[in-house]
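A.B. asks: no sequence on this one, just coordinates:
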């Protein structure tokens, strides 16, 4: 095993957690499983505002070629990625609190895997509705398992320690009765990440979990990931079963 898996200060590539997640969504079946549910509830997307667009995979699949597509995205690395797409969105360098898009300026407002849906559901829904002419769509985790740390689903609960309550339950209990969505549907999909170096990923996860350089779990982390990984031409493939809920609101 290379020293990088033990030494959090070792010389290795810095991993951007947003880029790591976005690259895994690229190689997952997330869009192919989730997008049809959104289209079933929103057959005419029209002008689309993608709030917290991340890598833009779902927004790009849903965008109406005849309509406008804009993305609110605070992360410079994700904005750079979005700008590189064919037919990229208009980029808004802000978070949802600061974005000052005109009221009622988009037919559909999309928010997929946004922490705000669980952290501030009422306030975030009000903001989304203020921008929407017709429809608001949220895509939130619906699996019983970790949601925060990327690839935590490959780890034992005693290692990652995350709340494993399905995200959709947190969202719905945080909304008042008048704010409940008109439609809720579910999609099963597989989170599939391909990483070039298991040592690098093991060290990254151990660092994010706050393990010291002397923690013997660092060596066990690599062994654990190696048992779960499948060889791939690009490195190592890790897969985790996931479920997402698609929540849809009409304009109030």
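C.D. replies: Structure's in. What do you need? Everything numeric in this text was worked out from a predicted model, so none of it was measured. Residues are numbered from 1 along each chain as shown.

A.B. asks: quick one: the strands in the chain, in order.
C.D. replies: Remark: strands assigned in the chain by DSSP state E are 48-51, 69-72, 90-92, 106-112, 132-141, 183-195, 230-232, 235-250.

A.B. asks: to residue 168, which of the ones you listed lies closest?
C.D. replies: strand 235-250 (4.0 Å; C-beta to C-beta). In this view, the C-beta of every residue, glycine as well, is placed from N, C-alpha and C.

A.B. asks: now the closest one against strand 132-141, angle please.
C.D. replies: What separates the directions of strand 235-250 and strand 132-141 is an angle of 140 degrees, with axes from the mean of the first three to the mean of the last three C-alpha atoms, to 10 degrees.

A.B. asks: ok now strand 235-250, how far from the chain's centre?
C.D. replies: Between the mean C-alpha location of strand 235-250 and the chain-wide mean there is a distance of 8 Å, by C-alpha atoms, centre = their mean, to the nearest Å.

A.B. asks: now do stretch 46-61
C.D. replies: With C-alpha atoms, centre = their mean, you get 12 Å for stretch 46-61.

A.B. asks: hey, which helix or strand in this protein has the poorest pLDDT?
C.D. replies: For the chain, scoring each helix and strand by mean pLDDT, DSSP states H and E identifies helix 157-160 as the least confident one, at a mean of 87.

A.B. asks: buried ones in it?
C.D. replies: Neighbour-count burial for helix 157-160, counted by 16 or more other C-beta atoms under 10 Å, picks out 159-160.

A.B. asks: can you list the residues that contact that helix?
C.D. replies: Where contact means C-beta atoms under 8 Å, 6 or more residues apart in numbering, the residues beyond helix 157-160 that reach it are 146, 149, 152, 164, 209, 217, 221.

A.B. asks: in helices only, show me those.
C.D. replies: In helices, defined here by DSSP state H, the members of the contacts of helix 157-160 are 217, 221.

A.B. asks: can I get the contacts of helix 157-160 in a markdown table with distance to residue 24 and neighbour count?
C.D. replies: Formatted as a markdown table, the contacts of helix 157-160 follow (distance: C-beta to C-beta, whole Å; neighbours: other C-beta atoms under 10 Å):
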| residue | distance to residue 24 | neighbour count |
| --- | --- | --- |
| 146 | 14 | 21 |
| 149 | 12 | 18 |
| 152 | 12 | 21 |
| 164 | 19 | 14 |
| 209 | 18 | 17 |
| 217 | 23 | 14 |
| 221 | 18 | 26 |
